[in-house]
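Enquirer: test case, fold it:
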Amino acid sequence: MPPIEIQSYIASILSTLDDKIELNRQTNQTLEAIAQAIYKEWFVNFRFPPSPLEGCPKGGVDTSPLEGWQAKPDGVDSSHTPPPSPASWQKNSLFPFWTLPKNRALQERAKELRKQGILSEVIFWKTFKDKKKLGWDIDRQVIIGNFIVDFFIPELGLVFEIDGSSHNDKQEYDRERDAFLSSLRLKVVRILGKDVLGNIEGVWGFVTRLIKERVEELSPPRPSGTPQEGKRCEMQDSELGPIPKGWRVVSLADLMEFQGGSQPPADQFKDGYHEGYIRLIQIRDYETDSHITYVPRTDKLRICEDKDIMIARYGASVGRVLFGLNGAYNVALVKVIPEKKHYREFLRLYLKSYSFQERLLAMSSRSAQAGFNKGDFKSFRIAFPQGDQLLIEFEKITACLIEKILINNLESEALANTRDKLLPKLMSGEIEVRVMK
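Expert: Here you go, the predicted model:
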């Protein structure tokens with residue numbers, strides 16, 4: 001065994017990996033909560049908040065904050081607290097900044113950054129902080145996800161980064177951050193610190209021009225099936241109660257099919273990968289990788305991809321909505337096949353909703369072994385928008401959240417593998433550890 005000092009250092013290395021894995025898990029929970037909140041606001045409450053793609057005309061429809069999300073002066077917060085009453089910032093907002101994820105663990109770091117006196121950032125802040133002059137609120141050192149951005153106009157989803165010498169060796173980090181922010185439909189603008197110091201008038205003209213372009217970008221005509229400017233959504237009676245005018249009530253079976261899995265013989269199972277084999281996906285695999293099984297690849301197998309909507313069909317997990325794995329799924333799972341591709345994220349969120357889950361569990365409990373069949377879905381009735389535009393916009397917003405979740409999962413898997421391989425080599429001395437004095 002290595003000395004205690006070395007053991008402590010090894011523990012700190014592995015703890016850093018564990019911390020990042022846990023942070024990814026928490027981030028994924030936040031991303032899923034954002035998708036659920038948007039779904040509820042659009043398709044349950046029938047309030048269509050301004051999306052990053054379409055914006056919301058000023059003085060428009062009921063745009064009270066998404067339930068469970070509260071705006072903060074320095075950005076956004078994902079805490080599940082009662083929302084404030086509608087305010088002027090919301091009515092004028094063209095971007096739903098209140099839905100952005102925020103890692104609270106970074107709050108102290110953000111406070112420290114605000115106190116730092118980097119000259120280019122101080123000059124930028126003093127130049128642009130006056131709302132009466134700029135026309136928009138601008139915040140500094142704002143937490144978005146696991147990152148802290150220099151400056152942020154929340155109502156436009158517009159991020160400004162002041163690049164100085166501290167960014168010279170952080171190009172990869174900046175690319176990762178920009179990719180994440182872009183996945184949330186934020187616009188990231190980088191300004192050189194030397195331009196702020198030497199040509200602040202030119203920077204002012206550049207920024208105000210960008211603001212005007214962003215307003216135009218976020219203010220196209222609203223898609224059909226959404227409330228018009230200056231009005232609340234007009235409602236009509238239906239078998240489900242009041243729904244937006246022009247919407248219709250449809251059967252869940254009209255929007256999707258589902259495909260059952262296959263069950264290869266147990267004597268074909270292999271614990272490790274072999275050429276010509278494929279991973280057999282079971283319900284437990286969505287929780288742990290400790291029992292990975294492979295089977296011979298044949299035409300009889302039913303295949304799923306990581307973004308597919310999978311539902312647990314039997315047992316204690318019946319109705320559970322799953323995704324994130326590639327392989328051949330067994331008979332305990334079914335794959336949802338949307339009638340149209342842009343129905344996928346709408347269906348994913350509907351199938352995870354409390355109303356669907358509660359009723360499905362009640363229906364499946366009729367048999368000794370809980371389960372459901374295709375016919376069960378015909379009895380589920382849903383309020384559905386007329387035309388595809390609203391669903392297409394919803395798909396664009398929520399699909400990027402699913403993509404980020406999958407990326408985080410892959411990163412966590414790689415980190416866990418690295419940790420598990422490092423530990424025995426560090427403890428045995430195969431990899432030498434030197435503690436800096």
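Enquirer: in the stretch 301-437 of the chain, which spans are strands?
Expert: Assigned by DSSP state E, counting those that start in this stretch, the strands in the stretch 301-437 of the chain fall at 303-304, 309-312, 321-322, 327-329, 333-338, 381-384.
Enquirer: tell me which of these sits most buried.
Expert: strand 327-329 (a mean of 25; mean count of other C-beta atoms under 10 Å). All C-beta atoms are positioned from the backbone trio N, CA, C, and that covers glycine.
Enquirer: wait, doesn't F206 sit right on I191?
Expert: Yes: taking contacts as C-beta atoms under 8 Å, F206 lies within contact range of I191: 7.5 Å.
Enquirer: okay, those two: which has more neighbours?
Expert: Neighbour tally, F206 and I191, criterion other C-beta atoms under 10 Å: the higher count belongs to I191, 19 against 14.
Enquirer: helix, strand or coil: sort out the closest residue to the more buried one other than its chain neighbours for me.
Expert: Nearest residue to I191, sequence neighbours excluded (C-beta to C-beta, 6 or more residues apart in numbering): I162, at 5.6 Å. Under the three-state scheme (DSSP: H, G, I helix; E, B strand; the rest coil), I162 adopts strand.
Enquirer: would you mind measuring from I162 to T16?
Expert: 28 Å (C-beta to C-beta, to the nearest Å).
Enquirer: ok, these two, which is more surrounded?
Expert: Neighbours per residue (other C-beta under 10 Å) separate I162 from T16, with I162 holding more: 22 against 12.
Enquirer: from N199, how far off is the more buried one?
Expert: Taking C-beta to C-beta, one finds I162 at 13 Å from N199.
Enquirer: can you check R359 too?
Expert: With distances taken as C-beta to C-beta, R359 is found 63 Å from N199.
Enquirer: show me the domain layout of the protein.
Expert: 46-217, 248-384 (automatic domain parsing).
Enquirer: helices of the stretch 101-250 of the chain, start to end?
Expert: 107-115, 119-128, 131-134, 171-183, 193-198, 200-217 (DSSP state H, counting those that start in this stretch).
Enquirer: buried residues, the fourth one. List them.
Expert: To tie it back to what came earlier, the one meant is helix 171-183. By neighbour count with 16 or more other C-beta atoms under 10 Å, helix 171-183 contains the buried residues R177, D178, F180, L181, S183.
Enquirer: repeat for the longest one
Expert: Neighbour-count burial for helix 200-217 flags I200, V203, V207, L210, I211, R214, V215 (criterion: 16+ other C-beta under 10 Å).
Enquirer: can you dump the C-alpha atoms of it in PDB for me?
Expert: Extracted in PDB, the C-alpha atoms of helix 200-217 (Å, rounded to 0.1, in the frame of the first residue of the first chain):
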ATOM      1  CA  ILE A 200     -15.400  51.400 -26.600                       C
ATOM      2  CA  GLU A 201     -17.500  53.600 -29.000                       C
ATOM      3  CA  GLY A 202     -17.000  51.000 -31.800                       C
ATOM      4  CA  VAL A 203     -18.000  48.300 -29.300                       C
ATOM      5  CA  TRP A 204     -21.100  50.200 -28.400                       C
ATOM      6  CA  GLY A 205     -22.100  50.400 -32.100                       C
ATOM      7  CA  PHE A 206     -21.400  46.700 -32.600                       C
ATOM      8  CA  VAL A 207     -23.400  45.600 -29.500                       C
ATOM      9  CA  THR A 208     -26.400  47.800 -30.200                       C
ATOM     10  CA  ARG A 209     -26.500  46.500 -33.800                       C
ATOM     11  CA  LEU A 210     -26.400  42.900 -32.600                       C
ATOM     12  CA  ILE A 211     -29.200  43.600 -30.200                       C
ATOM     13  CA  LYS A 212     -31.400  45.000 -33.000                       C
ATOM     14  CA  GLU A 213     -30.600  41.900 -35.200                       C
ATOM     15  CA  ARG A 214     -31.400  39.600 -32.300                       C
ATOM     16  CA  VAL A 215     -34.700  41.300 -31.700                       C
ATOM     17  CA  GLU A 216     -35.600  40.800 -35.400                       C
ATOM     18  CA  GLU A 217     -34.400  37.200 -35.300                       C
END
